[in-house]
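In: Sequence plus the predicted model coming up.
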Amino acid sequence: MSDPREALRIGVDRERCAGAGMCALTAPEVFDQDDEEGLVVLLRPDPAPEHRAAARMAAGLCPAGAIALGTPD
């Protein structure tokens, strides 16, 4: 299990996104959906420590696998 204090870098693949909205519901400080197609919008590619657990959960809940998690270089 990853340390919630560990820095996190997020990427999204809008072409892969299905528009389910689980990310925006789970981590609204990190993700949103655009008004035209309902596709993911990444608000914070490097979320604050208090939002990292929700961002990780959102990635796990994404039915299209459109969210990639990593660590900053």
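Out: Structure's in. What do you need?
In: buried residues in the longest helix seen in the chain?
Out: Looking across the chain with DSSP state H, the single longest helix is helix 49-61. Residues of helix 49-61 classed as buried: 51-52, 54-56, 58-59 (neighbour count, 16 or more other Cβ atoms under 10 Å). Where C-beta positions appear, they are placed from N, C-alpha and C, glycine not excepted.
In: How about stretch 15-35?
Out: 17, 20-24, 26-27, 30-33.
In: Closest one of the buried residues of helix 49-61 to residue 13?
Out: For the buried residues of helix 49-61, the residue nearest residue 13 by Cβ to Cβ is residue 59; the value is 11.6 Å.
In: Export the buried residues of helix 49-61 to a markdown table and append columns for pLDDT.
Out: As requested, the buried residues of helix 49-61 are exported to a markdown table (pLDDT from 0 to 100):
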| residue | pLDDT |
| --- | --- |
| 51 | 96 |
| 52 | 96 |
| 54 | 97 |
| 55 | 97 |
| 56 | 96 |
| 58 | 98 |
| 59 | 97 |
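In: Of the residues you listed, which pair is most distant in space?
Out: 51 and 59 (12.4 Å).
In: For residue 57, give me its contacts.
Out: 26-27 (Cβ atoms under 8 Å, 6 or more residues apart in numbering).
In: What does the pLDDT read for it?
Out: pLDDT recorded at residue 57 is 97.
In: Repeat that for residue 38.
Out: Note for residue 38: predicted pLDDT of 96.
In: Which residue ranges of this protein form helices?
Out: 22-26, 49-61.
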